[in-house]
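Q: what would the 3D arrangement of this be:
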Amino acid sequence: MSDSANTDTAFALGPPTARGRLRSTPEDFQVAEILPFTPDGTGEHLYLHIRKRDANTAWVAERLARLAGLSPSQVSYAGLKDRHAVAKQWFSLHLPGRDDPPWRDWQEPDFQVLAGQRHSRKLRRGALSGNRFRIVVRELTDVAPLELEDRWQRLLSGGVPNYFGPQRFGREGNNLRGALALFQGRRVKRQQRSLYLSAARAYLFNDLLSRRILDGNWCAPLPGEVAMLEGSHSVFPVEAPDITLGERLQALDLHLTGPLWGRGEPMSRGAVRALEEATMAGWPVFRD
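A: Coordinates of the predicted model:
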């Protein structure tokens, strides 16, 4: 396990042919969440659209709880967003039998409330259609323009291996070290437990994806795959790949998936199931 927990993963198109600096300022890395629905205007959950800069998602949630006079468990969000960035994301506040707090006045140094709307259900983890990014790379060196353009076109037509990024694993992999300590019996806070479990599952996912890239089949279906429909979380098993499946994968209408390890029986079968179990065998503490 490397310190960054991400340096050993394989590249689908070979090593980088250019280098540069990311996140020179938070404005160089901007991300906006995309909700799959519009808050319906009624209900006991207040959805707040937040713009945060150089602020941790969990810290913003705790601050919202204090401002609204709630417990931290009454504030929800769909996902963690990078701290060293400018992020627009959604939070929900559970307010049963209560009027809206004065959220229009909440203009904090690290975040601003852009809009608020009631909704009938709480915001749950993963309840997003996706994220929209704007990323600036500065101080480019070793640039080969034709090679960059070729790779860009290949990514547009063939997709990209969707690794979990290094921020999931914490500075120098500290979240993974926390996961090891948790699995060895150390008591941790609920928020840290969730973070450590997520890091361990992401690490196993990345390791399997890297292995499939090295084997040349990360986007070539094997017997027993689990496919996901583009633009949704709908998944289904594929016992025997056929021409139609290959065409839909090439058109990016379907995507191959990997497991987020946990309780229950994997949907994968055959060659894919065997490959997943062989990869997980290399990390028995995380797997078990």
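
Q: C-alpha only now, for contacts and for neighbours.
A: Fine.

Q: for A87, what are phi and psi?
A: Note on A87: backbone dihedrals following degrees, to the nearest 10 are phi -130, psi 140.

Q: quick one, helices of the stretch 101-250 of the chain?
A: Under the criterion DSSP state H, counting those that start in this stretch, the stretch 101-250 of the chain contains helices at 145-158, 174-183, 190-215, 243-250.

Q: buried set for the longest one?
A: By neighbour count on 16 or more other Cα atoms under 10 Å, the buried set for helix 190-215 is 193, 195-213.

Q: re the thing from before, among the helices of the stretch 101-250 of the chain, which comes closest to S73?
A: Among the helices of the stretch 101-250 of the chain, helix 190-215 comes nearest to S73, with 10.2 Å by Cα to Cα.

Q: tilt between the closest one and helix 174-183?
A: Using axes from the mean of the first three to the mean of the last three Cα atoms, to 10 degrees, the inter-axis angle of helix 190-215 relative to helix 174-183 is 110 degrees.

Q: how near is the nearest residue to L208 once chain neighbours are set aside to L252?
A: Distance criterion Cα to Cα, 6 or more residues apart in numbering; nearest residue to L208, sequence neighbours excluded, is T279 at 6.1 Å. Distance of T279 to L252, given as Cα to Cα, to the nearest Å: 26 Å.

Q: so what's the nearest residue to D253 once chain neighbours are set aside up against?
A: Using Cα to Cα, 6+ apart and skipping residues adjacent in sequence, the residue nearest D253 is E230, 5.1 Å away. With contact set as Cα atoms under 8 Å, 6 or more residues apart in numbering, E230 has these partners: 252-255.

Q: now name the helix or strand holding the residue nearest to L208.
A: Assigned by DSSP states H and E, T279 belongs to helix 270-280.

Q: R63 now?
A: Per DSSP H and E, R63 falls inside helix 57-68.

Q: please compute how far that helix lies from its chain's middle.
A: The chain centre lies 21 Å from the centre of helix 57-68; the measure is Cα atoms, centre = their mean, to the nearest Å.

Q: so it versus helix 190-215, what angle?
A: For helix 57-68 against helix 190-215, the angle between stretch directions is 150 degrees (the same axes, to 10 degrees).

Q: continuing past helix 57-68, what's the next helix or strand?
A: Later in the chain than helix 57-68, the nearest helix or strand by DSSP H and E is strand 75-77.

Q: which other helices and strands contact that next one?
A: The elements that strand 75-77 packs onto, with contact taken as 3 or more Cα pairs under 8 Å, 6 or more residues apart in numbering; DSSP states H and E, are helix 57-68, strand 86-94.

Q: pull up the pairing partners for it, direction included.
A: With DSSP bridges as the test, strand 75-77 is paired with strand 86-94 (antiparallel).

Q: what's in contact with the partner strand?
A: With contacts defined as Cα under 8 Å, 6+ apart, strand 86-94 is touched by 26-27, 29-33, 44-54, 61, 65, 74-78, 81, 122-123.

Q: could I get the average pLDDT for that strand?
A: Here strand 86-94 scores 98 as its mean pLDDT.

Q: remind me which residues of this protein are low pLDDT?
A: The model of the chain has pLDDT under 70 over residues 1-7.

Q: which ones are touching the residue nearest the centre of it?
A: Most central in the chain under Cα atoms, centre = their mean is F164, positioned 6.3 Å from the mean C-alpha point. By Cα under 8 Å, 6+ apart, F164 lies in contact with 202-203, 206.
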